[in-house]
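Enquirer: Need the 3D shape of this:
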Amino acid sequence: MNFSEQLKARWAALATRERQMVGAAIALVALALLWWIALAPALRTLAAAPAEHAQLDAQLQQMATLQNRAKALQSQPRLARDEALRSLETSVREGLGVNNAQLMTAGGDGATITLRATPASTVAQWLAQARGNAHAVPREVHLTRAPAATPVPGSKDAPLLPQVRWEGTVVMALPAPR
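Expert: Presented below is the predicted three-dimensional model:
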């Protein structure tokens, strides 16, 4: 006697009430499987869709902004190397200060800026300025965190938190000669 014949024999031996209970249990298990396999994942996906859609919209907006910024940079007129170098010198002098930075030019298409304990926020602003005005981009950066100056206790000029400062070199690529 095989398994299906045994199952049929047991089913025939059950009372009507027992058959109804087994049928209800089978229906309950089938409904639970239907819920766990088909409906619950679909409902979770449906519930998460608005948040994911908003996140994708934000990413798309950010990408469009970056694309517009890149197009604006591409549409800027090309600077001659000498003009870019003058602009970079001005940005180093005004943006970083003569005490914090020194500009050295090489014969190639680069310029090296040596930083001495320059505040991080100043370096970030200067990099943006150098990119916009001189069309110079960092090609090589070797920076280390400078030791923080310790404030004089009781001094009213003492900062509450030590300011992050950088020292090292930044090699900027200048536009190629025309």
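Enquirer: hey, let's count contacts and neighbours off CA atoms from now on
Expert: Noted.
Enquirer: hang on, L143 in a helix?
Expert: No - read with DSSP: H, G, I helix; E, B strand; the rest coil, L143 is strand and lies in no helix.
Enquirer: give me the number of residues near A72?
Expert: 10 (other CA atoms under 10 Å).
Enquirer: Next, it: phi, psi?
Expert: phi -60, psi -40 (degrees, to the nearest 10).
Enquirer: And A15, by the same measure?
Expert: According to degrees, to the nearest 10, A15 has phi -80, psi 160.
Enquirer: tell me the domain ranges of the chain?
Expert: Per the record, the chain has its domains at 3-74, 81-173, by automatic domain parsing.
Enquirer: now do the same end-to-end measure for the first one.
Expert: It stands for domain 3-74. End-to-end distance for domain 3-74, by CA to CA, to the nearest Å: 76 Å.
Enquirer: before we move on, what about the longest one?
Expert: Between the opening and closing residues of domain 81-173 we find a distance of 10 Å, counting by CA to CA.
Enquirer: May I see the domains of the chain arranged in CSV, with mean pLDDT as well?
Expert: As requested, these are exported to CSV (pLDDT from 0 to 100):
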stretch, mean pLDDT
domain 3-74, 92
domain 81-173, 81
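Enquirer: Give me whichever of those domains is most buried.
Expert: domain 81-173 (a mean of 16; mean count of other CA atoms under 10 Å).
Enquirer: Beta-bridge partners for T118, please?
Expert: T118 forms beta bridges with W166, as assigned by DSSP bridges.
Enquirer: Can you show me the helices along the chain?
Expert: 3-13, 16-34, 40-75, 81-91, 120-134 (DSSP state H).
Enquirer: now the third one against helix 120-134, angle please.
Expert: Put plainly, it is helix 40-75. 60 degrees (axes from the mean of the first three to the mean of the last three CA atoms, to 10 degrees).
Enquirer: report the angle between the axes of helix 40-75 and helix 16-34?
Expert: Using the same axes, to 10 degrees: helix 40-75 against helix 16-34 is 10 degrees.
Enquirer: export the helices of the chain to CSV and tack on distance to W166?
Expert: Below are those laid out as CSV (distance: least, CA to CA, whole Å):
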stretch, distance to W166
helix 3-13, 79
helix 16-34, 61
helix 40-75, 28
helix 81-91, 17
helix 120-134, 6
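Enquirer: Which one, of those helices, ends up nearest to D109?
Expert: Smallest distance to D109 across the helices of the chain (CA to CA): 7.9 Å, for helix 81-91.
Enquirer: roughly how far is that closest one from the heart of the chain?
Expert: How far helix 81-91 lies from its chain's middle: 31 Å, per CA atoms, centre = their mean, to the nearest Å.
Enquirer: For that helix, give me every contacting residue.
Expert: If you take CA atoms under 8 Å, 6 or more residues apart in numbering as the criterion, helix 81-91 is touched by 103, 109, 126, 129-130, 133-136, 174-178.
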